[in-house]
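S.K.: sequence and predicted structure are below.
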Amino acid sequence: MYTFTEAKANTFILSLDNHVEIAAALEAFCREQDILAGTITGLGAISEATFRFLDPATKQYVDQTFSEQMEITNLTGNISQKGGKPYLHLHITASRRDYTCIGGHLLTARINGACELVVEAFPGVWSGRRADAETGLNLYDFTLPQGVEKSLFQFVEREIIPQYAAFDKAHRQDHVRSVIARALGLAEFYPVRRDILYVAAAFHDVGMRAGRETHHLESGRIIRETAELRTWFSAEDIETIAQAAEDHRASAQQAPRSLYGRIIAEADRLIVPEQIVRRTVQYGLSHYPELPREGHWERTLAHLHEKYAEGGYLKLWIPESDNAAALEQLRALIRDEQALRALFERLYDEETR
Ligand SMILES: [Fe+2]
Ligand SMILES: [Fe+2]
């Protein structure tokens, strides 16, 4: 769908493949890089674009599709989050064969030629969206997670989030902030208390200081022993929070004990098929360096079957998340051994180069 390079920290240069739809490709990129806030600029050429106009008087949307070759003279957009997913707001100006321009709010555009973009990510920034009745728009919402008291938010920001700076690369502050954002996004679909979910997400990996193996249990212990939490929560609430943190591990044999645990487990996970295959190859290379290429292929195949194929031990708990659809894609890939082998060969070459 695209190729990209990270030009500097959190700034990506992207080249989208010909004939792909721009909004879908950008959404996939944001998801795959776990970008929840940022900006987009770009240019390119397209053969079809659908614009949307909101009539402020009637609050009705009017969509119109233009099917002709056009140059994107500017594509500008921003990335925020809604419902636990990246939410794109894109505007475009496109020039026609006679050099006149049309422009507007962009829904979709099909590339015919090239599309080159720069995406700047703002990791850890809270930029949500809320439906606004007066304008009929989904407006930016920078307020605290709804339902979370300011003093609790400040406590978490001051005392808990900074602890993640000491953990390994996959469990740093950007990870915990993503999990908080996704968990609160998923809360839109369920009757849950957002303050409980927020704290469970904020603490879920804090036990990493005791090492990876038992970190989920350690997180639970820390939650029960954090006396400050009694300022905002009852003993029963704290037990719910502790259990949700304990139940977040993907390898847990049992279902999370509560809806909170299911949401945290789901928010903690980001299924991106190619990344999963790549991490499997990387793990094999670092733990079994003596294996020949064929041995790495067999290990990769066995691991993918064991964890991700139908009947594998990975369990998803929240059907509304994007993970369910991504897991289906991964399963189709696992079934298509030829395609999987081709991907393995490419990733193996990239990882051993
Ligand atoms: Fe974890
Ligand atoms: Fe985590």
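M.R.: Here it is on my side, so go on. Ligands and ions are numbered 1, 2, ... in the order given.
S.K.: helix, strand, or coil at the residue of the stretch 1-150 of the chain found nearest ligand 2?
M.R.: When distances are taken as Cβ to the ion, the stretch 1-150 of the chain approaches ligand 2 most closely through Asp34, which lies 11.8 Å from it. C-beta: built from backbone N, CA, C; applies to glycine. Assigned by DSSP: H, G, I helix; E, B strand; the rest coil, the conformation of Asp34 is coil.
S.K.: so it sits against Ile271, correct?
M.R.: No - with contact defined as Cβ atoms under 8 Å, Asp34 does not count as touching Ile271 (11.7 Å).
S.K.: so between these two, which is more surrounded?
M.R.: Ile271 (20 against 17; other Cβ atoms under 10 Å).
S.K.: gap between that one and Val20?
M.R.: Applying Cβ to Cβ, to the nearest Å, one obtains 21 Å for the distance of Ile271 from Val20.
S.K.: how about Arg221?
M.R.: According to Cβ to Cβ, Arg221 and Val20 sit 48 Å apart.
S.K.: circling back to that earlier point, contacting residues for the residue of the stretch 1-150 of the chain closest to ligand 2?
M.R.: By Cβ atoms under 8 Å, 6 or more residues apart in numbering, the contact list for Asp34 reads 174, 178, 270.
S.K.: same deal with Ala165?
M.R.: Taking Cβ under 8 Å, 6+ apart as the definition of contact, the neighbours of Ala165 are 172-173.
S.K.: state the pLDDT value of it.
M.R.: Each residue has a pLDDT score; the one for Ala165 is 89.
S.K.: from His171, how far out is it?
M.R.: From Ala165 across to His171, the span is 10 Å (Cβ to Cβ).
S.K.: SS state for Pro123?
M.R.: Secondary structure, three-state DSSP: Pro123 is coil.
S.K.: setting aside sequence neighbours, what's the nearest residue to it?
M.R.: Nearest residue to Pro123, sequence neighbours excluded (Cβ to Cβ, 6 or more residues apart in numbering): Asp174, at 4.2 Å.
S.K.: name the helix or strand for that neighbour, please.
M.R.: Secondary structure assignment for Asp174, by DSSP states H and E: helix 173-186.
S.K.: residues in the stretch 251-353 of the chain within reach of ligand 2, list them.
M.R.: By the rule Cβ under 5 Å from the ion, the part of the stretch 251-353 of the chain lying against ligand 2 is Asp268.
S.K.: which regions of the stretch 251-353 of the chain lie under the pLDDT threshold?
M.R.: Regions of the stretch 251-353 of the chain meeting the criterion pLDDT under 70 cover residues 251-253.
S.K.: all helices of it, in order?
M.R.: 259-267, 273-287, 293-308, 323-335, 337-352 (DSSP state H, counting those that start in this stretch).
S.K.: okay, the fourth one in PDB with CA atoms only?
M.R.: If I follow you right, that is helix 323-335. The C-alpha trace of helix 323-335 is given here as PDB (Å, rounded to 0.1, in the frame of the first residue of the first chain):
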ATOM      1  CA  ASN A 323      -8.000  -6.000  15.900                       C
ATOM      2  CA  ALA A 324     -10.700  -8.500  15.000                       C
ATOM      3  CA  ALA A 325     -10.500  -7.500  11.300                       C
ATOM      4  CA  ALA A 326      -6.700  -7.500  11.300                       C
ATOM      5  CA  LEU A 327      -6.700 -11.000  12.900                       C
ATOM      6  CA  GLU A 328      -8.900 -12.200  10.000                       C
ATOM      7  CA  GLN A 329      -6.300 -10.800   7.500                       C
ATOM      8  CA  LEU A 330      -3.500 -12.500   9.400                       C
ATOM      9  CA  ARG A 331      -5.400 -15.800   9.400                       C
ATOM     10  CA  ALA A 332      -5.900 -15.600   5.700                       C
ATOM     11  CA  LEU A 333      -2.200 -15.100   5.300                       C
ATOM     12  CA  ILE A 334      -1.400 -18.100   7.500                       C
ATOM     13  CA  ARG A 335      -3.700 -20.200   5.400                       C
END
